[in-house]
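A.B. asks: everything below, folded, please.
(chains A and B)
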Amino acid sequence: MFCLSELEDTVRVSPDLLNLPLEDAIKLVLQNLFLDKVLSIGLCVSIYDIRSVEGGSVLPGDVAAITYKVCFRIVVFRPFVGEVIAAKFKESDSNGLRCDLTLGFFEDIYVPAPFIPRPNRCEPDPYNRNQMRWVWIYKGVEYIIDDSCQINFRVENISYPHVPFERAEDAKPFAPMVVTGTLDDDGLGLVSWWEGSSEINLEEDDDNT
Amino acid sequence: MKNIIVKANAGALTNFEVLDLLNSRGASKDTTRANDKVSGSEYKVYDYLMETAASTQTRETVTKFFDKCKDFKLAKAEILNVINLRPTSDVELTPIIEKPDEREIDIDGILALVQELLPPLPSLEAPKENEQEETEDGEQEETDDAEKEETEDAEQS
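C.D. replies: Okay, the predicted model is just below:
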């Protein structure tokens, strides 16, 4: 779900950082600029390394900093379509589910209703008045989708919506990067759904051999 | 500030490689988090990765696994998925591998290789009757409990 990206940028190092070795100072500036920000290539997680530094000039009119042209690599969180990721359930409503990658390093993962395994039904959550609960019905057994254990989902799509000009008062906070996932396949969904099945498969194989 | 993306994809990284990078910077399970070389958001990623299979892998095992996978005719993305998820049963491999029968992929062979080369997810000394029943979630909960016990013991002594 991570990959390296190589970027080139002009970096301004302010005088208060000049007591540090140059590489550390540049790294600090880069971290402030990129860490936890969503670029067109994904969510920037970490600065990997600095490949080259050029320049070191003071631009006219900008005497409060030294400008360098830096070529560097960053670690980006960008899952690819078809990747299976482990996440935790966050909330659900009538449109679908929302999961997040543990401890919130990325929370904008949505599983819209068409990607929830069928047949299913949606009912008001008895434990939480504002939410709807999704239940998968398979061979007569009901499997509730909740936060009891980890959920494996497969990435269907990643989108980067534009910053909206105007928003309704109670709209969800703007998400610059949205991952759409599916639970509709063998092995996906709550991990507890598939725990017993591996035993059954083994028994069947033993019987056949 | 204009930035130029020289190469959007300079190489995919397994979860292990990202964890290794954060570890080399000094990230640890230490709850004080006083290390200023690793930022708060990097720690969030670190915490997530420590609960996955990546936390028990080593560079050696991952490289070895990658080489041996070439014999199984898997696509690079599929190998990446397997290393990150460490599936223990063929039902867990189903969403990862496309059309295994048409491509004549040896599912059991891959599972055996996973068992052999990739260490199991973080777990305790608590005896498990059947290794195949191990799930990530069960082990996560146990690790959390164990850590709580360890800190309680440390405070008492």
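
A.B. asks: the residue of chain B found nearest chain A - how many residues pack around it?
C.D. replies: Nearest residue of chain B to chain A, counting by Cβ to the nearest Cβ: residue B:89, 3.2 Å away. In this view, the C-beta of every residue, glycine as well, is placed from N, C-alpha and C. By other Cβ atoms under 10 Å in any protein chain shown, 19 other residues sit near residue B:89.

A.B. asks: gap between it and residue B:108?
C.D. replies: Remark: distance between residue B:89 and residue B:108 (Cβ to Cβ, to the nearest Å) = 11 Å.

A.B. asks: for residue A:1, the count of nearby residues, please.
C.D. replies: 26.

A.B. asks: list the contacts of it.
C.D. replies: Residues near residue A:1 by Cβ atoms under 8 Å, 6 or more residues apart in numbering or on different chains: A:77, A:78, A:79, A:80, A:83, A:85, B:15, B:84.

A.B. asks: go with 6 Å
C.D. replies: residue A:79 (Cβ atoms under 6 Å, 6 or more residues apart in numbering or on different chains).

A.B. asks: go on, residue A:57?
C.D. replies: Taking Cβ under 6 Å, 6+ apart, one finds residue A:67 in contact with residue A:57.

A.B. asks: so it versus residue A:21, what's the distance?
C.D. replies: 19 Å.

A.B. asks: equivalent analysis for residue A:134, please.
C.D. replies: 53 Å.

A.B. asks: which residues of the chain fall in strands?
C.D. replies: No chain in the question, so chain A it is. For chain A, the strands defined by DSSP state E occupy A:2-13, A:38-39, A:42-57, A:66-77, A:84-93, A:96-101, A:106-112, A:120-124, A:132-138, A:141-145, A:151-159, A:178-182, A:189-190.

A.B. asks: oops, chain B please
C.D. replies: Remark: strands assigned in chain B by DSSP E are B:3-13.

A.B. asks: from residue B:54, how far out is residue A:187?
C.D. replies: For residue A:187, the distance to residue B:54 - Cβ to Cβ - is 19 Å.

A.B. asks: ok so, going back, with neighbour numbers in mind, choose between residue A:134 and residue A:21.
C.D. replies: Using other Cβ under 10 Å as the criterion, residue A:134 and residue A:21 rank with residue A:134 on top: 25 against 8.

A.B. asks: who does that one form a beta bridge with?
C.D. replies: residue A:122, residue A:145 (DSSP bridges).

A.B. asks: my guess is it contacts residue A:145. True?
C.D. replies: Yes - if you go by Cβ atoms under 6 Å, residue A:134 and residue A:145 touch, sitting 4.5 Å apart.

A.B. asks: state the distance from residue A:173 to chain B.
C.D. replies: 17 Å (Cβ to the nearest Cβ, to the nearest Å).

A.B. asks: burial count for residue 88?
C.D. replies: Picked chain A for this. Around residue A:88 there are 19 residues (other Cβ under 10 Å).

A.B. asks: wrong chain, I was asking about chain B
C.D. replies: Residue B:88, neighbours per other Cβ under 10 Å, totals 21.
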